[in-house]
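1. kindly return the folded structure for what I paste below:
(one chain, ligands or ions: 1)
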Amino acid sequence: MTDFSQGRTNVPMGGSQAPGAQTVSGSRGLEFAEPLIFEMHHEGRTGVDLPDVPVSDARLNGMRRQGPVGLPGLSEPQVVRHYTRLSQKNYGIDSGFYPLGSCTMKHNPRLGEKAARMAGLGDLHPLQPFSTVQGALELVDTLAHWIKTLCGMPAVAMSPAAGAHGELCGMMAIKAAIEDRGEAATRTRVLVPDSAHGTNPATAAACGFSVDSIPANDRGRVDVAALKAKLGPDVAGVMLTNPNTCGLFETEILDIADAVHAAGGYFYCDGANFNAIVGRVRPGDLGIDCMHLNLHKTFATPHGGGGPGAGPTVLSDALAPYAPVPYIVHDAKGLRLVERQADAGEGEKPFGRIKGFHGQMGVFIRALVYMMSHGAEGLLQSSTDAVLNANYLRARLGDVMSVPFDGICMHEVLFDDAFLHDTGVTTLDFAKAMIDEGFHPMTMYFPLVVHGALLMEPTESESKETLDGYVATLRALTERAKAGDVQFFKDAPRLTPRRRLDETTAARKPVLRWTPPVEDNA
Ligand SMILES: *Cc1c(COP(=O)(O)O)cnc(C)c1O
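-> Numbers count the residues shown, from 1 in each chain. So this is what the prediction gives:
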């Protein structure tokens, strides 16, 4: 029997499976131990019969391959099973509760999936003539209309491909506006709160601004006095997240907007948390100059594992002229895209282009389906339920876990590790024990403003039964930690295909290529 855990880069730390978990095959029930597809290779085995093709060396100009193609030889059922099992190893929102704070892992309605796969949409090519894609352009234009309406903003740039990319778009618009005012040399500083998502300071720095951080107060909000003290004629703008990364509404946001504007700066709001307020508050009414939306968070779209997303950026009257190309215009022939800066209309000064082609069509389709199938009332209901669910967790767990900031939270609830104090169990250990219980852990150690953060975002999708099961599990784990059962937590996870990975080595010395074992070469 081959032990496939040997010689692999991801062998469990401690080198063993859980006690009592050994089986003859190495599989555990439906959890299959399986070699890599290359290790299952048999020379000459194939799922298809292809006729021999007469190859003309003359036409290949001497480029004919000399060796084997290097693909694994497998039968069709082997391939089907391999990929089916791989898909089952993945934890996704379709397999269970996924309370990853800040990431908004909500249910992806099948209606959106169906629409995104319709032949007329799924098979579009970005270089098709405008006359053949009028429906697709109308879809993007309608989505833009919904976004502007929900945000109370006059303009939106649709092309950014993710939240961080939307930030870049917004900050480049700010930079262009400042250059236009002739203040590029003087307005070089951007204020960013301590609790900001890491992408905020990174974006400001990427645009050539220096970043100045603003502390949080003991209510988990921006310290407004500290912010005002840092404002001045060298400030290009402020980047703030509302609701912030502690899941709290920045109650002094109007005051902040006024102060930034009075100092001649622009107000960037990170709108990744729009799902907490959609239908209830319009960012435009809060004095915001630009804000990206994570369509892939607020309006569904499967986006685990890094893709795909869309980060349309809404712009105020002051920044609208600088919106990047491409953008949609209506004229006598219907809808078309303005693709080049030189073709911009009267008074428009696009800062350039930040993406090839026109935006993330698949995400646009899903977002519009989500909006239209919910309707205005439904969107308000979804943000209300998201906030209700987070506060339910807060109320049901707050007495045994520790909540750093008092009061009602928004769509996510933040705990710190004070409840684990003196137990020897860390936030990481606690999260690993949750995996054995079948729950994807919450976001850990972010935001940085509290110690050992545990940030949970249940979203509106989850039922009371799911939340109750989660609460019961976390309460039991908390009790176990406080009872001093440290080893239980240090050994977790026990029931996963791999246990604790050596993440440092994996990051420093990534093994990105499979190389055949030496004996196979003989
Ligand atoms: C997710 C998130 C981002 C970044 O969005 P991406 O789509 O991952 O680039 C930025 N800010 C906040 C607050 C977020 O939650």
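2. how about the protein, which residue sits the furthest from its center?
-> residue 58 (50.4 Å; C-alpha atoms, centre = their mean).
3. correct me if wrong, but that residue is in a helix.
-> Yes: using DSSP: H, G, I helix; E, B strand; the rest coil, the assignment for residue 58 is a helix.
4. tell me the pLDDT at it?
-> Confidence at residue 58, expressed as pLDDT, is 76.
5. quick one, phi psi at the residue of the stretch 51-200 of the chain found nearest the ligand?
-> Distance from the ligand to each residue of the stretch 51-200 of the chain (C-beta to the nearest ligand atom) is smallest for residue 163, at 2.2 Å. In short, each C-beta sits where N, CA and C put it, glycine included. Dihedral pair for residue 163: phi -60, psi -50, per degrees, to the nearest 10.
6. that one: how many residues sit nearby?
-> For residue 163, the count of nearby residues is 24 (other C-beta atoms under 10 Å).
7. from here on, count from 191
-> Sure thing, new numbering starts at 191, so read that last one as residue 353.
8. residue contacts, the closest residue to residue 530 other than its chain neighbours?
-> On the basis of C-beta to C-beta, 6 or more residues apart in numbering, the spatially nearest residue to residue 530 that is not a chain neighbour turns out to be residue 515, at 6.2 Å. Contact analysis of residue 515 by C-beta atoms under 8 Å, 6 or more residues apart in numbering lists 527-531, 533-534, 540, 542-543.
9. over to residue 331?
-> Counting by C-beta under 8 Å, 6+ apart, residue 331 touches 518, 520, 525.
10. same deal with residue 602?
-> Contacts of residue 602 (C-beta under 8 Å, 6+ apart): 291-292, 433, 437, 463, 466, 580, 645-647.
11. hmm, try it at 7 Å
-> Residues in contact with residue 602 (C-beta atoms under 7 Å, 6 or more residues apart in numbering) are 291-292, 437, 580, 645-647.
12. pLDDT score for it?
-> For residue 602, the predicted pLDDT is 97.
13. could I get the phi/psi values of it?
-> Main-chain dihedrals, residue 602, degrees, to the nearest 10: phi -140, psi 150.
14. over to residue 435?
-> The phi/psi pair for residue 435 (degrees, to the nearest 10) reads phi -80, psi 0.
15. right, and the pair among the contacts of residue 602 with maximum separation?
-> Farthest pair in the contacts of residue 602 (C-beta to C-beta) is 292 and 580. Separation: 12.1 Å.
16. still on that earlier bit, restrict the contacts of residue 602 to those near the ligand?
-> Among the contacts of residue 602, the ones lying close to the ligand by the criterion of C-beta under 6 Å from any ligand atom are residue 292.
17. how is the protein partitioned into domains?
-> 191-233+264-279+687-712, 298-684 (automatic domain parsing).
18. got a list of what residue 326 touches?
-> 311, 314, 551.
19. which of these sits closest to residue 638?
-> Closest approach to residue 638 among the contacts of residue 326 (C-beta to C-beta): residue 551, at 35.8 Å.
20. and the pLDDT for the closest one?
-> At residue 551, the model reports a pLDDT of 96.
21. what's the closest non-adjacent residue to it?
-> residue 314 (6.5 Å).
22. state the pLDDT value of that neighbour.
-> Per-residue pLDDT puts residue 314 at 94.
23. about what we covered before: give me the buried subset of the contacts of residue 515.
-> Buried subset of those (neighbour count, 16 or more other C-beta atoms under 10 Å): 527-528, 534, 540.
24. out of those, list just those in strands.
-> Mapping the buried ones among the contacts of residue 515 onto strands (DSSP state E) picks out 527-528.
25. next, format the buried ones among the contacts of residue 515 as JSON lines and append distance to the ligand.
-> Compiled in JSON lines, the buried ones among the contacts of residue 515 are given as follows (distance: C-beta to the nearest ligand atom, whole Å):
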{"residue": "527", "distance to the ligand": "23"}
{"residue": "528", "distance to the ligand": "25"}
{"residue": "534", "distance to the ligand": "27"}
{"residue": "540", "distance to the ligand": "22"}
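26. save the buried ones among the contacts of residue 515 as a markdown table, and put in pLDDT too.
-> Shown next, in a markdown table, are the buried ones among the contacts of residue 515 (pLDDT from 0 to 100):
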| residue | pLDDT |
| --- | --- |
| 527 | 96 |
| 528 | 96 |
| 534 | 94 |
| 540 | 98 |
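27. looking at the buried ones among the contacts of residue 515, which is nearest residue 341?
-> The shortest approach to residue 341 among the buried ones among the contacts of residue 515 belongs to residue 540, at 20.1 Å (C-beta to C-beta).
28. tell me which residue in the stretch 491-640 of the chain sits closest to the ligand.
-> Closest contact between the stretch 491-640 of the chain and the ligand, by C-beta to the nearest ligand atom, is at residue 499 (4.4 Å).
29. can you give me the strands for the chain?
-> Under DSSP E, the chain gives strands at 345-347, 379-383, 400-404, 425-431, 456-461, 480-483, 503-505, 517-521, 524-528, 603-605, 633-634, 644-646.
30. the second one and the ligand, any residue contact?
-> No: applying C-beta under 6 Å from any ligand atom, one finds that strand 379-383 is not in contact with the ligand, the shortest distance being 11.2 Å.
31. skipping its backbone neighbours, what lies nearest residue 476 in space?
-> Leaving out its chain neighbours, the residue that sits closest to residue 476 by C-beta to C-beta, 6+ apart is residue 443, at 5.1 Å.
32. so that neighbour makes contact with residue 475?
-> No: using C-beta atoms under 7 Å, residue 443 is not in contact with residue 475, being 10.1 Å away.
33. which one's more surrounded, those two?
-> residue 443 (22 against 12).
34. ok, the more buried one to the ligand distance?
-> According to C-beta to the nearest ligand atom, to the nearest Å, residue 443 and the ligand sit 15 Å apart.
35. the residue of the stretch 491-640 of the chain closest to the ligand is in contact with residue 554, isn't it?
-> No: if you go by C-beta under 7 Å, residue 499 and residue 554 don't touch, sitting 11.1 Å apart.
36. hmm, back to that, what do residue 292 and residue 580 both touch?
-> In contact with both residue 292 and residue 580: 602, 647, using C-beta under 7 Å, 6+ apart.
37. looks like residue 508 contacts residue 479 (just checking).
-> Yes: look at residue 508 against residue 479 with C-beta under 7 Å: they come within range, at 5.9 Å.
38. those two: which is more packed in?
-> A count of neighbours by other C-beta under 10 Å puts residue 479 above the other of residue 508 and residue 479, at 28 against 16.
39. can you list the weak-confidence ranges in the stretch 191-340 of the chain?
-> Along the stretch 191-340 of the chain, segments meeting pLDDT under 70 span 191-211.
40. quick one, what contacts the residue nearest the centre of the chain?
-> Per C-alpha atoms, centre = their mean, the C-alpha nearest to the average position across the chain is that of residue 293, at 5.1 Å. Taking C-beta under 7 Å, 6+ apart, we find residue 293 in contact with 487, 633.
41. related to what we said a few turns ago, just the buried members of the contacts of residue 331?
-> Among the contacts of residue 331, those classed as buried by neighbour count (16+ other C-beta under 10 Å) are 518, 525.
42. can you redo the contacts of residue 331 as a markdown table with distance to residue 297?
-> Formatted as a markdown table, the contacts of residue 331 follow (distance: C-beta to C-beta, whole Å):
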| residue | distance to residue 297 |
| --- | --- |
| 518 | 30 |
| 520 | 35 |
| 525 | 32 |
